[in-house]
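Colleague: Predicted structure and sequence below. I'll ask about it afterward.
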Amino acid sequence: MRSLIKMGMAGLALAASLACLPVALADEDWTEDDWAVQAGGDDPWEGWNRKVFAFNEVLDRWALRPVAVGYQKITHRQIRRGVRNVFNNLGEGKNLVNNLLQAKFHDAGVDTARFMFNTSFGVLGVFDVATKMGLQRNDEDFGQTLGKWGVPSGPYLMLPLLGPSTLRDAPALVPDYYSTVYPYVRHDRPRYGLTVLDTVSWRESLLATEALMGGGDKYRFIRSAWLQSREYWVRDGVVEDDF
């Protein structure tokens, strides 16, 4: 469960990255009516979700973001990129498992090849040689797998520490956790170290996108962007944007 917290701590910073998602674009001059139309989705627990969102925002502002800023200042860009590459490489197992469950065997082969090439020629994943070879990284999780199997997303849900989710995607964090390396690291100290470094590295990678956040109701923007991005990934980019 410790790594579940790590996975979700990055979700506290999701507001920054969502601005860059393929189907979630914001403009600073949007009106409240625009936000209401674009928000969409089923949010019967909005009152609770907003309270959790406010808690997560405070935690990110006073804890996670300052650490990420400090990490950025004291480390060279190439080192930070290498660290991020290592954790992306460790995440290929999750991509592989979920691609197999979705019967996406070509993508599963790409996941396997990426891990082999990056682990060997990329020096344990420090260098992403697979992408330069034309093997593009997939990004799969069990929530997407459930969506491919026809499980509806259910109501929008803002989780403490873990950030935006849905009634379908929240329980999917558990099998995703067991498809990562963390449960299989026997000793606490290296497991804690990997967890902290992964979280800080991920949060630092989002700092550059914060300025892209549009105006208006931030909660609604994140809800809209999250729901649209999930639909985009579940359908492998085949979506219809009615807005």
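Modeller: Here it is on my side, so go on. In this text, all values refer to a predicted model and were calculated from it rather than measured experimentally.

Colleague: any idea how far residue 191 lies from residue 52?
Modeller: Summarising the geometry, the distance separating residue 191 from residue 52, computed by C-beta to C-beta, to the nearest Å, is 27 Å. C-beta coordinates here come from the backbone N, C-alpha and C atoms, glycine included.

Colleague: Likewise for residue 154?
Modeller: The spacing between residue 154 and residue 52, counted by C-beta to C-beta, is 17 Å.

Colleague: Helices of the chain, start to end?
Modeller: 2-9, 14-18, 32-39, 46-59, 65-74, 77-90, 92-101, 105-120, 129-132, 142-148, 173-178, 188-205, 218-234 (DSSP state H).

Colleague: residue contacts, the closest residue to residue 119 other than its chain neighbours?
Modeller: Setting aside the residues directly before and after it, residue 119 is nearest to residue 125 in space (C-beta to C-beta, 6 or more residues apart in numbering), at 5.9 Å. The neighbourhood of residue 125, defined by C-beta atoms under 8 Å, 6 or more residues apart in numbering, consists of 85, 86, 87, 88, 89, 90, 118, 119.

Colleague: Equivalent analysis for residue 99, please.
Modeller: Here residue 99 is in contact with 105, 107, 108, 111, 138, 140 (C-beta under 8 Å, 6+ apart).

Colleague: low-confidence ranges in this protein?
Modeller: In the prediction, the chain carries residues with pLDDT under 70 at positions 1-41, 212-215, 239-243.

Colleague: again, 80 this time
Modeller: Low-confidence regions of the chain, defined by pLDDT under 80, span residues 1-41, 210-216, 238-243.

Colleague: Would you list the buried entries among the contacts of residue 99?
Modeller: Among the contacts of residue 99, those classed as buried by neighbour count (16 or more other C-beta atoms under 10 Å) are 107, 108, 111, 138, 140.

Colleague: Serialize those residues to a markdown table and add fields for distance to residue 59.
Modeller: Written out in a markdown table, the entries for these read as follows (distance: C-beta to C-beta, whole Å):
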| residue | distance to residue 59 |
| --- | --- |
| 107 | 35 |
| 108 | 36 |
| 111 | 33 |
| 138 | 30 |
| 140 | 28 |
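
Colleague: From those residues, pick the one nearest residue 216.
Modeller: Sorting these by how near they are to residue 216, with C-beta to C-beta, puts residue 140 at the top with 31.2 Å.

Colleague: what about the closest one, distance to residue 203?
Modeller: Relative to residue 203, residue 140 is positioned 22 Å away (criterion: C-beta to C-beta).

Colleague: Kindly report the same for residue 217.
Modeller: Per C-beta to C-beta, residue 217 is found 23 Å from residue 203.

Colleague: Which one of these two is surrounded by more residues?
Modeller: For residue 217 against residue 203, the residue with the higher neighbour count under other C-beta atoms under 10 Å is residue 203, and the figures read 23 against 15.

Colleague: Alright, that wraps it up for me.
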